[in-house]
Structure formats: C-alpha cells, structure tokens
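>>> model the structure of this input:
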Amino acid sequence: MKKQKGFSLIELLIVVAIILIIAAIAIPNLLKSKMAANESSAVGSVRTLNTAEVTYAAGCPAIGYSATLNEMNTGAICTSGTSIIDNVLGQDPAIKSGYSTTYAAGAAVGGVVNTYTLSATPLKVGTTGQRGFFSDQTGVIRYNQAGTATVADPALQ
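Numbers count the residues shown, from 1 in each chain. Okay, the predicted model is just below:
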C-alpha cells in the first residue's frame, strides 16, 4: 500500500485556529492605527485652513478672513483666481479621512471679517476617529474626547 501525502484534518484546523488568534490580536490594533491616522489628518487639515486664512487676510486686508472655504479654493473675490487650498478642503463641509470639517466666518465689522471658527468632527465617533478638533482666528487647535470640540476645550499640545 502506498502512503498518502498531505495534511490531516486536525493539522489544518490547528493552522486555521492559529491564524484566527493572530487576526484577533492584530485587527483591533490596525483599527486604532487608522483612527490615529485620521485624527492626525484632521489636525493637519485644521492647521492648513488656519494658515490659509492668515494668508487670505494678509492678501485681502479690506475683506479680512474669507466668507467660505470655497472662496479660498477659487479665489474669485480677492486673490484674482489664485487658489490657496485644494478642492477637497475647499468644500463646506470638507470631508477628508473620516472627518467632516466645517467653517463659519464671523460677522463683518466695518466690512471686514475679523473672526472665524473651524470644527473637525469624526463622521462616526469611535470608528473614523475619537477626538473632535476646533480652532478659530487665534490659531490654537483645541480637542474634545467626545467628538465635538469648542473654544472651551483644552488646547492640543
């Protein structure tokens, strides 16, 4: 009789069980890494928008800060068609890397907008990100563990 080559059913089940145990350990860490990457991207977007607002206000002192994110993208009103931010951040709300970033210009005083607020909120708290981020004309980025940040929250270190 010839001896058959191959693996027994028990050996295959042991290999599958080992793979499942490794996956059970690795998958939660991968999800946490993705959330951390999304949060880093959101903070980067808020920093970019703060810088863009300062650039816009410096180039358009008679207007101040932009009325919308789209204005900084198209540059139709003040910057002669020159785009300061890209098309993704130029939308309101800007959806990027699991976060929704919204912008609101403050009331004009003497025709000049001197204030604004930015808010980056996870699309699904606990899945796309945990912390929410907030900034205004001061340039300080604030965060909240609950997902929606305000001016009263602690500053990001």
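>>> so where do the strands sit in this structure?
Secondary structure of the chain by DSSP state E: the strands cover 94-96, 99-105, 108-109, 112-113, 116-122, 132-136, 142-144.
>>> now for the first one, which elements pack on it?
Meaning strand 94-96. Contacts defined by 3 or more CB pairs under 8 Å, 6 or more residues apart in numbering; DSSP states H and E place strand 94-96 against helix 9-59, strand 99-105. Where C-beta positions appear, they are placed from N, C-alpha and C, glycine not excepted.
>>> what about D86, neighbour count?
14 (other CB atoms under 10 Å).
>>> out of the strands of the chain, nearest to V15?
Judged by CB to CB, the one of the strands of the chain that comes nearest to V15 is strand 116-122, at 37.9 Å.
>>> in that closest one, what's buried?
For strand 116-122, a neighbour-count test (16 or more other CB atoms under 10 Å) marks Y116, L118, S119, A120, T121, P122 as buried.
>>> name the nearest of these relative to I25.
Nearest to I25, judged by CB to CB, of these is P122 at 25.0 Å.
>>> let me see the contact set for the most centrally placed residue in the chain.
Geometric centre of the chain, nearest residue: A42, 2.2 Å, by CA atoms, centre = their mean. Shown in contact with A42 (CB atoms under 8 Å, 6 or more residues apart in numbering): K96, S97, G98, Y99, T101, A120, P122, G129, F133.
>>> try it again at 7 Å.
Counting by CB atoms under 7 Å, 6 or more residues apart in numbering, A42 makes contact with S97, Y99, A120, G129, F133.
>>> want to throw these into JSON lines with pLDDT?
Below are the contacts of A42 laid out as JSON lines (pLDDT from 0 to 100):
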{"residue": "S97", "pLDDT": "92"}
{"residue": "Y99", "pLDDT": "95"}
{"residue": "A120", "pLDDT": "95"}
{"residue": "G129", "pLDDT": "93"}
{"residue": "F133", "pLDDT": "96"}
